[in-house]
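Peer 1: Sequence first, then the predicted structure, then my questions.
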Amino acid sequence: AAKNKRSKSASPKRSASPVPETSQGDDKEDVNPDLLDPDVRKLGDHFNIEDRWLVRLDELMRRRKDTKDQDLAKLYEVLEQARSP
């Protein structure tokens with residue numbers, strides 16, 4: 001029984017996710033995948049990335065406008081080398 005209590009108490013560690021929990025609410029469903037940033041869409045098309053991940057990436061890139069080009073370039077570099085992008 002003690003093991004079950006520990007595993008339940010460990011579940012709050014999800015907050016360490018790179019995407020804040022506030023962006024995982026209902027507003028994520030309101031984002032139309034057709035309205036994604038064209039550069040994010042291009043990356044997704046190139047690597048066949050699901051729309052749900054592109055929506056999350058788009059949300060992040062909108063908050064990182066100053067480094068968006070460098071961030072996307074790095075993603076291309078890393079994903080090109082990945083076994084299963």
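Peer 2: Perfect, I can see it now.
Peer 1: State the distance from N48 to L54.
Peer 2: Distance, N48 to L54, by Cβ to Cβ, to the nearest Å: 11 Å. No exception for glycine: its C-beta is placed from N, CA and C like everyone else's.
Peer 1: who has more neighbours, the two?
Peer 2: Ranked by neighbour count (other Cβ atoms under 10 Å), N48 and L54 place L54 first, with 21 against 7.
Peer 1: what about L57, how many neighbours?
Peer 2: 21.
Peer 1: OK, contacts around it?
Peer 2: L57 sits next to 40, 43-44, 49 when contact means Cβ atoms under 8 Å, 6 or more residues apart in numbering.
Peer 1: What subset of the residues you listed is buried?
Peer 2: Among these, those classed as buried by 16 or more other Cβ atoms under 10 Å are 40, 43-44, 49.
Peer 1: and of these, the nearest to E59?
Peer 2: Of all the buried ones among the contacts of L57, E59 sits closest to V40, with 9.7 Å by Cβ to Cβ.
Peer 1: Once you drop chain neighbours, what's closest to the closest one?
Peer 2: Spatially, and ignoring its direct neighbours in sequence, V40 is nearest to D58 (4.7 Å; Cβ to Cβ, 6 or more residues apart in numbering).
Peer 1: returning to that earlier point: closest one of the buried ones among the contacts of L57 to K65?
Peer 2: V40 (12.4 Å).
Peer 1: What pLDDT does the model give that closest one?
Peer 2: For V40, the model assigns a pLDDT of 97.
Peer 1: Check which helix or strand it maps to.
Peer 2: Assigned by DSSP states H and E, V40 falls within helix 38-47.
Peer 1: Show me the contact partners of that helix.
Peer 2: Here helix 38-47 has contacts from 36, 49-51, 53-54, 57-58, 61, 68-69, 72, 75-76, 79, 85, using Cβ under 8 Å, 6+ apart.
Peer 1: Let me know the angle separating the helix or strand hosting L54 from helix 38-47.
Peer 2: Secondary structure from DSSP H and E places L54 in helix 51-62. Here helix 51-62 runs at an angle of 140 degrees relative to helix 38-47 (axes from the mean of the first three to the mean of the last three Cα atoms, to 10 degrees).
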